[in-house]
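In: starting from these lines, generate the structure:
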Amino acid sequence: MQRVTVDDIKQNPLKYLNQVEAGESFVIVQADKAIAELKPITSTNKQLRPFGLCAGEFTVPDNFDELLPEEIVNVFEGR
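Out: Have a look, this model is predicted:
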């Protein structure tokens, strides 16, 4: 990974942005101290999960929405 100074980036930001777009990464340094990393964004295109992916694999009990017993609530609330 290349090291680039803040001043280098200030002088020609498009040069470095074009290189990042092409897949390169840089460590940005100021006074010989690394302060940031400039790198391409990885794809955020996540494929949607199909509807009903787990259909039939489990059932929700009829009492799912009922209140928990008081001793369990007390444990969760630290009593």
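In: so in this protein, which helix runs the longest?
Out: Looking across the chain with DSSP state H, the single longest helix is helix 13-21.
In: residues contacting that one, please?
Out: Identification of contacts with helix 13-21 by Cβ atoms under 8 Å, 6 or more residues apart in numbering yields 4, 8-9, 26, 38-40. (C-beta placed from N, C-alpha, C; glycine too.)
In: same thing but at 10 Å, please
Out: 2, 4, 8-9, 12, 24-26, 28, 38-41 (Cβ atoms under 10 Å, 6 or more residues apart in numbering).
In: can you check stretch 35-53 too?
Out: With Cβ under 10 Å, 6+ apart as the criterion, stretch 35-53 contacts 1-2, 4, 6, 9, 16-17, 19-30.
In: and Glu66, how far is that from Leu38?
Out: 53 Å (Cβ to Cβ, to the nearest Å).
In: could you check which of the two is surrounded by more residues?
Out: Neighbours were counted for Glu66 and for Leu38 using other Cβ atoms under 10 Å; Leu38 has more, 17 against 8.
In: next, the buried residues of stretch 16-27.
Out: With burial defined by 16 or more other Cβ atoms under 10 Å, the residues of stretch 16-27 counted as buried are 16, 19, 26.
In: in a markdown table, list those along with pLDDT.
Out: What follows is those, written out as a markdown table (pLDDT from 0 to 100):
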| residue | pLDDT |
| --- | --- |
| Tyr16 | 95 |
| Gln19 | 96 |
| Phe26 | 95 |
